[in-house]
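# coords below, sequence missing:
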């Protein structure tokens, strides 16, 4: 039986795929994969890694898929959410939190951001935006 995960995109993953039965799940913004090689190591060790972009993908479709995935996640799963530090990425954290509350998830969640220039990983702080985040947002918009 093939247990290797495929696909990776949140919107493409079947919510009852066997690989989601793991004790751990990583949900990450697409861009984090480029900065943190650890995600490839997780994937290679059969930890499911789901990726998506809250800016470029349909947010309603992402929420609907996350509802199915988290609603089927069980009670003891550890779910780690990683995004870039840019403000547009914050929506992925908010989607996961919203869905977890909606489905009354008993999973253990951690929320992290990855800094673009240093590649440091820090705790996500809801509503917090610092100068580095604003600078990157300006760069993304050509300012």
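Received, thanks. Predicted model only: the values in this text are computed from it and were never measured.
# what packs against the lowest-mean-pLDDT helix or strand in the chain?
Every helix and strand in the chain was compared by mean pLDDT, DSSP states H and E; the lowest is helix 38-44, with a mean of 72. Applying 3 or more C-beta pairs under 8 Å, 6 or more residues apart in numbering; DSSP states H and E, we find helix 38-44 packed against strand 24-29, helix 32-35, strand 49-52. All C-beta spots, glycine's among them, are computed from the backbone N, C-alpha and C.
# where does the prediction get shaky in this structure?
Low-confidence segments of the chain (pLDDT under 70): 1-3, 43-44.
# would you confirm that residue 77 contacts residue 25?
Yes - counting by C-beta atoms under 8 Å, residue 25 is a contact partner of residue 77 at 6.1 Å.
# any idea how far residue 113 lies from residue 122?
According to C-beta to C-beta, to the nearest Å, residue 113 stands 6 Å off from residue 122.
# what about these two, which has more around it?
With neighbours defined as other C-beta atoms under 10 Å, residue 113 and residue 122 compare such that residue 113 has more, 24 against 11.
# for residue 91, give me its contacts.
54, 55, 59 (C-beta atoms under 8 Å, 6 or more residues apart in numbering).
# in CSV, list those along with secondary structure and neighbour count.
CSV is the format used below for the contacts of residue 91 (DSSP: H, G, I helix; E, B strand; the rest coil; neighbours: other C-beta atoms under 10 Å):
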residue, secondary structure, neighbour count
54, coil, 21
55, coil, 16
59, helix, 14
